[in-house]
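Peer 1: Below: sequence and its predicted model.
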Amino acid sequence: MKKITLILLTALLSYSFGWAQQIPAVKQSEAISITGITAHIGDGTKLENCNIVFEDGIITAIGTDVKTKGKIINALGKHVYPGFIAPVKELGLIEVNAVRASNDSDEIGEMIPHVRSIIAYNAESKIVESMRPNGVLLGQITPKGGRISGTSSIVQFDAWNWEDATIKLDDGIHVNWPSSFKRVRRRMADSRSLIPNKDYQKQVTQLCNFIQNSIAYGTGKGQELNPAFAAMQGLFNATKKLYVYADGEKEIIDAVTAAKKANIKDIILVGGYQAHKVTKFLKEHNIPVLVKYTHSLPNLEDDDYDLPYKLPKLLMDAGLLVALQNGEASNFQTRNLPFYAGQVVGQGIDKEKAVQMLTGNTAKILGIDDTYGTLAIGKSATLFISEGDALDMRTNKLTKAFIDGRAISLETHQTELWKRYSKKYEGM
């Protein structure tokens, strides 16, 4: 029996070490210069034959006539991008969808703004680790489920624990706006039909009452602590943003109108499937949009077949601030964010504008653009070097990546498997 136990323990330890997380990089100790690059700034522009210098994790020089300093990385002909940012995702909250014990993406309850995703964030997640080889270096860790899901935080993807990872703590509250329609299965087919949601107005009223009660709680004195109402106060004093998930034309208008009535200053629309129908309304109220990933089918039978592909361009052409997110897709697919942007290029958006939808625009929407999102003097050296176009899955091959100037590992379980099986078929 003891022998069997020892064998099992040895096997488990071997499995654990074989899947060990890469050790987080140490703080930058010397100046680093990257030379001969095409720098994709993240604000819709690029610089050819450029040098970039960073010290102590901060970019100190960038341009065509910049003098090099410290360690020199010759990247002639390669491309440098700001680290891509993945908003509204449960990265680090779910490891295996089918294993409940590894799923911390939601909690019991409908109105739970006081649930903080960051304390459940797993910095050693293998899924988080797999983001980095495609240039996705930052993310907004977001709870899901319920009517008010909870509070998100923004992290970088190379850390020992959630404290080390945190860039912006408790940045926003996430609300799933009710839908005026619901899907039901047809009897004789596997397809689904839409029918009116008879409880829509009741659900909206419940949500609005909760918001109004939170406002009243904030103006009261000496009352018993209510964690849910207390967590909502950041929306009213502009220390937190409101991320409202809505797709239909009616839902979008109702959600923004209700938020404005509650005097909530920072409102971000997430999803916005029919946002192209209300662009004038959204622009009037200065509402940015985190658009669902482009690689998807139309939601409705009478929609254009390519609506998901061209929606980001329709919104950007209307003058809205737009960034990309991958919606309800599985966490592992978040590493495909660059290729969703590549799809947008195929719809007619300038390539640098598409890069901006993963970098500068996302940083601005999340409220971290003072430090991240673009390559500029004084900003964080969170960037990567790619052999080719980062929006093209054939050429987005990273050679180096840095988070706050730290040279991070690009090794993951996937890269280990690739190396293993590429050797298997050599010479065949």
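Peer 2: Great, that's in hand. What you see is a predicted model, and the numbers here were worked out from it, not measured in a lab.
Peer 1: which residues does the nearest residue to Ala381 once chain neighbours are set aside bridge with?
Peer 2: Nearest residue to Ala381, sequence neighbours excluded (C-beta to C-beta, 6 or more residues apart in numbering): Phe54, at 3.6 Å. For every residue, glycine as well, the C-beta is placed using N, CA and C. As for beta bridges, Phe54 partners with Ile32, Ile59 under DSSP bridges.
Peer 1: confidence score at Phe54?
Peer 2: Phe54 carries a pLDDT score of 97 in this model.
Peer 1: and the gap between it and Thr359?
Peer 2: Going from Phe54 to Thr359 by C-beta to C-beta, to the nearest Å gives 16 Å.
Peer 1: Now for the residue nearest to Ala381: which residues touch it?
Peer 2: 28, 31-32, 60, 381, 402, 405 (C-beta atoms under 8 Å, 6 or more residues apart in numbering).
Peer 1: cool, and Ile365?
Peer 2: Contacts of Ile365 by C-beta under 8 Å, 6+ apart are 87, 268, 288, 290, 321, 323.
Peer 1: which residues does the last one form a beta bridge with?
Peer 2: Beta-bridge pairing of Ala323, defined through DSSP bridges, involves Leu290.
Peer 1: Next: the second one.
Peer 2: Under DSSP bridges, the beta-bridge partners of Ile268 are Tyr243.
Peer 1: could the contacts of Ile365 go into JSON lines alongside distance to Lys250, neighbour count and pLDDT?
Peer 2: Rendered in JSON lines, the data for the contacts of Ile365 read as follows (distance: C-beta to C-beta, whole Å; neighbours: other C-beta atoms under 10 Å; pLDDT from 0 to 100):
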{"residue": "Pro87", "distance to Lys250": "24", "neighbour count": "27", "pLDDT": "96"}
{"residue": "Ile268", "distance to Lys250": "19", "neighbour count": "23", "pLDDT": "98"}
{"residue": "Pro288", "distance to Lys250": "20", "neighbour count": "22", "pLDDT": "98"}
{"residue": "Leu290", "distance to Lys250": "20", "neighbour count": "25", "pLDDT": "97"}
{"residue": "Leu321", "distance to Lys250": "23", "neighbour count": "20", "pLDDT": "98"}
{"residue": "Ala323", "distance to Lys250": "24", "neighbour count": "25", "pLDDT": "97"}
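Peer 1: so which pair among those is furthest apart in space?
Peer 2: Checking these against each other with C-beta to C-beta, the farthest-apart pair comes out as Pro87 and Leu321, at 12.6 Å.
Peer 1: Need the contacts of Phe54 in CSV (columns: neighbour count, pLDDT and distance to His40).
Peer 2: Compiled in CSV, these are given as follows (neighbours: other C-beta atoms under 10 Å; pLDDT from 0 to 100; distance: C-beta to C-beta, whole Å):
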residue, neighbour count, pLDDT, distance to His40
Gln28, 21, 95, 22
Ala31, 17, 97, 22
Ile32, 21, 97, 18
Thr60, 16, 97, 19
Ala381, 24, 98, 15
Phe402, 24, 98, 15
Gly405, 22, 97, 19
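Peer 1: Lys423 - that's part of a helix, no?
Peer 2: Yes - assigned with DSSP: H, G, I helix; E, B strand; the rest coil, Lys423 falls within a helix.
Peer 1: Alright, that wraps it up for me.
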